[in-house]
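In: just to be clear, the model below is a prediction. Sequence and coordinates:
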There are 2 protein chains.
Amino acid sequence: MNIKEIARRARVSHSTVSRVINNVETVDPRLVRRVQAVIEEVGYRPNFQARALARGRSHTVGLIVSELSGGNPFFSEIILYFERAAVESGYEVLISFADTEVRPDHVAICATRMQERQVEGIAVLTFGMEHYLQNCAIDVPMVYAGADNVLKNSRNIRMNYLTGMRDAVKHLADYGHQRIGYLSGQLSWSSMLTRFEAFRKAMKSAGMVFDKELVAEFDHTWDGGALGMASLLNLPKPPSAVLCCNDVSAIGALKTLNSKGLQAGRDMALIGFDDLTMCRFTQPALTTIRFSPSEIAGLAFRALLEEIENAENKTQYEYKTRFILRESTCAPKL
Amino acid sequence: MNIKEIARRARVSHSTVSRVINNVETVDPRLVRRVQAVIEEVGYRPNFQARALARGRSHTVGLIVSELSGGNPFFSEIILYFERAAVESGYEVLISFADTEVRPDHVAICATRMQERQVEGIAVLTFGMEHYLQNCAIDVPMVYAGADNVLKNSRNIRMNYLTGMRDAVKHLADYGHQRIGYLSGQLSWSSMLTRFEAFRKAMKSAGMVFDKELVAEFDHTWDGGALGMASLLNLPKPPSAVLCCNDVSAIGALKTLNSKGLQAGRDMALIGFDDLTMCRFTQPALTTIRFSPSEIAGLAFRALLEEIENAENKTQYEYKTRFILRESTCAPKL
DNA sequence: TTGTAGGCGTTATCAG
DNA sequence: CTGATAACGCCTACAA
């Protein structure tokens, strides 16, 4: 079923049908009704591809997230809220999981595939794999989040890790902690590095001594967190408080603590990062640094839209993390 | 940059360029090289939309999941594995979150939108909202999972909830539990109803008495689980074991138990459903019934592909749940 | 206000 | 083996 068939049945030209579909004002109301009746009757829906081709606009945007985090609810929420924002503005979203772990160039492959699909813009929310796109010729607007260097034709949403990190460290300092550990994902990921550096900076500005020994670098998964905490506990002098690079690894760390008969919020202070819904349901409820997927996804889409529609005054978006106090911290145990 | 421009630069007709792009064997190797050189030089990539229009195939499929579960890692994994399977077979995936909670007809809206985009098939993995599609004219193949009634032009992947449920109940019976409770999501969701019925059937075949009082119907979220467990604990005679409709609600239930100073695996036996990665990291590790998102997503895509390509012998896929023993069960506490 | 003709970037069918 | 030419379904001048 197509526009011509509708035209034939309604005894008008296909241009008229096109006008009706696109709500052009100047069509005779009687024709409008006649055409709409036929459309209704046969259940016709315009072919988006053809429309896109003719108009030169696909009304589709791409979203790339990283695959490693497939089981990570953080990305689940990113996708949900990005899609919602897109649909609200009349866009559809094509999604790709970049296997950044095994194939660093996979981000570029995904982006290229999307471009062939004529997406009008791409949001790369991998938080630290963006540099792999450097030598890949994408000519649609792109938006990153928390990238360190911004390519041309693209936009970066600044991630202020420091705001939340500073309050977290201050909170621990107020409790009297001297030995604050850090559980990191792989520092080759720029977002992991950035978080880590924010941590160091926060330590410094709180007047705390930073001890390299107290940093465990594993990966930002459940297992990574569990292993990392185990390695920290194995130190001759373990930390009395640990800040984690994300909630998922903090939950892994929680597991290790429990298996040793220790409890966060009593025997050790533990702080996560992201503020997943789940944090309220861990035992104890996880104190964390909010890095809201819904807000970030929203900002990313808005920025992308500005870029696509070449908005006059482009906002420089910045997302500020913030400290969320729950129950997993305590004074240092003697 | 398009096929004609390439043709001009390579001094051939655009048909020849098209042949080169599509690896047609019969082209003079010298021309092939000349064309490829130009393509390489200008970084040309074919326009998928135009191609889809000409070929009458979009090589795109739709995936609808339910929005309520946005923060639920289960769907995050569904999306990941579905996308991966699709890309492997040369398809792209358009994703939609159906807001089944607030707008029951939203599934139909999503499906319609997808059809306008010329998807070649749609997988509806909402596990129980399929009936809302009944009076909506979609004319591409669809695949459901665990739907009760199958519409025409569509396929259902049978979900065998019973296999896992039976072993779970048997496990509890072996421990000597007499009062087994059930924590359900809203029974208006057919998947929730089906799970519940599987539970009853399992109880029956284990020779257990089913007590309606021990069923709490909230919703299958963290909060729903927490509230549900609270209501069960408030009963004059609370159950000694509880089976939950999914892991997320089981984790919520865990929270309530903890807040009352009770511990699953010591004071009460608790069993989840889904087997999220996270189950290994709850405290205690959650015994559950495996309902693997990766396997289900894989089956769904395979079935959809068969439907799209009109395969000769269509497989009747069935997914069998299975019991996964961890640490959250115990004998009934006296 | 309506219809005709041409174009969007491809593929596919023919002659040559 | 190659190159016109006509689709695919829709939009959009421009002409009537």
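Out: Noted; the coordinates are in hand.
In: does A:A147 count as helix, strand or coil?
Out: coil (DSSP: H, G, I helix; E, B strand; the rest coil).
In: my guess is it contacts A:E130. True?
Out: Yes - if you go by Cβ atoms under 8 Å, A:A147 and A:E130 touch, sitting 4.2 Å apart. Every C-beta, even on glycine, is put in place using the N, C-alpha and C of the backbone.
In: joint contacts of the two?
Out: A:124, A:190 (Cβ atoms under 8 Å, 6 or more residues apart in numbering or on different chains).
In: now the helices for the stretch 151-300 of chain A?
Out: A:161-175, A:190-205, A:222-233, A:247-259, A:293-308 (DSSP state H, counting those that start in this stretch).
In: can you check which of those gets nearest to DNA strand C?
Out: Of all the helices of the stretch 151-300 of chain A, it is helix A:293-308 that lies closest to DNA strand C, at 17.6 Å by Cβ to the nearest atom of the strand.
In: and that closest one, what's buried?
Out: A:293-294, A:296-308 (16 or more other Cβ atoms under 10 Å in any protein chain shown).
In: partner strands of the helix or strand harbouring A:V61, parallel or antiparallel?
Out: Following DSSP states H and E, one finds A:V61 within strand A:60-66. Sheet pairing for strand A:60-66, assigned by DSSP bridges, gives strand A:92-98 (parallel), strand A:122-124 (parallel).
In: any idea how far the longest one is from the chain center?
Out: Yep, that's strand A:92-98 we're talking about. Computed by Cα atoms, centre = their mean, to the nearest Å, the chain-centroid distance of strand A:92-98 equals 12 Å.
In: export that strand as CSV, just CAs?
Out: The C-alpha coordinates for strand A:92-98 follow below in CSV (Å, rounded to 0.1, in the frame of the first residue of the first chain):
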residue,chain,number,x,y,z
GLU,A,92,14.1,7.0,16.6
VAL,A,93,17.2,5.5,18.1
LEU,A,94,19.6,2.9,16.7
ILE,A,95,21.6,1.3,19.4
SER,A,96,25.0,-0.3,19.4
PHE,A,97,27.0,-2.0,22.1
ALA,A,98,30.7,-1.4,21.5
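In: helix or strand right after it?
Out: helix A:106-116.
In: and that next one, how far from the chain's centre?
Out: 18 Å.
In: what's that helix packed up against?
Out: strand A:60-66, strand A:92-98, strand A:122-124 (3 or more Cβ pairs under 8 Å, 6 or more residues apart in numbering or on different chains; DSSP states H and E).
In: for chain B, give me its nearest residue in chain A.
Out: A:S76 (3.2 Å; Cβ to the nearest Cβ).
In: show me what the helix or strand in which that residue is found is packed against.
Out: Using DSSP H and E, A:S76 falls within helix A:73-88. If contacts are counted by 3+ Cβ pairs under 8 Å, 6+ apart, helix A:73-88 sits against strand A:60-66, strand A:92-98, helix A:247-259, helix A:293-308, helix B:73-88, strand B:92-98.
In: now what about it, what contacts it?
Out: So helix A:73-88 is contacted by A:61, A:63, A:65-66, A:69, A:92-93, A:95, A:123, A:125, A:246-248, A:274, A:276-278, A:293-294, A:296-298, A:300-302, B:67, B:70-73, B:75-76, B:79, B:95-97, B:113 (Cβ under 8 Å, 6+ apart).
In: and for stretch A:193-208?
Out: Here stretch A:193-208 has contacts from A:128, A:146, A:148, A:159, A:161-162, A:165-166, A:168-170, A:173, A:178, A:180, A:182, A:184, A:187, A:209-210, A:215, A:243, A:245, A:273, using Cβ under 8 Å, 6+ apart.
In: buried subset of those?
Out: For those, buried by 16+ other Cβ under 10 Å: A:128, A:146, A:159, A:161-162, A:165-166, A:168-169, A:173, A:180, A:182, A:184, A:187, A:215, A:243, A:245, A:273.
In: number of nearby residues for the residue of the stretch 151-300 of chain A found nearest DNA strand D?
Out: Nearest residue of the stretch 151-300 of chain A to DNA strand D (Cβ to the nearest atom of the strand) works out as A:N153 at 24.9 Å. A count of neighbours around A:N153, defined by other Cβ atoms under 10 Å in any protein chain shown, yields 11.
In: list the contacts of the closest residue to A:R158 other than its chain neighbours.
Out: Leaving aside its sequence neighbours, A:R158 sits nearest to A:E318 (Cβ to Cβ, 6 or more residues apart in numbering or on different chains; 4.2 Å). For A:E318, the contact set (Cβ under 8 Å, 6+ apart) comprises A:157-160.
In: just the buried ones from the residues you listed?
Out: For those, buried by 16+ other Cβ under 10 Å: A:157, A:159-160.
In: among the residues you listed, which lie within strands?
Out: The strands, defined by DSSP state E, take in A:157, A:159-160 from these.
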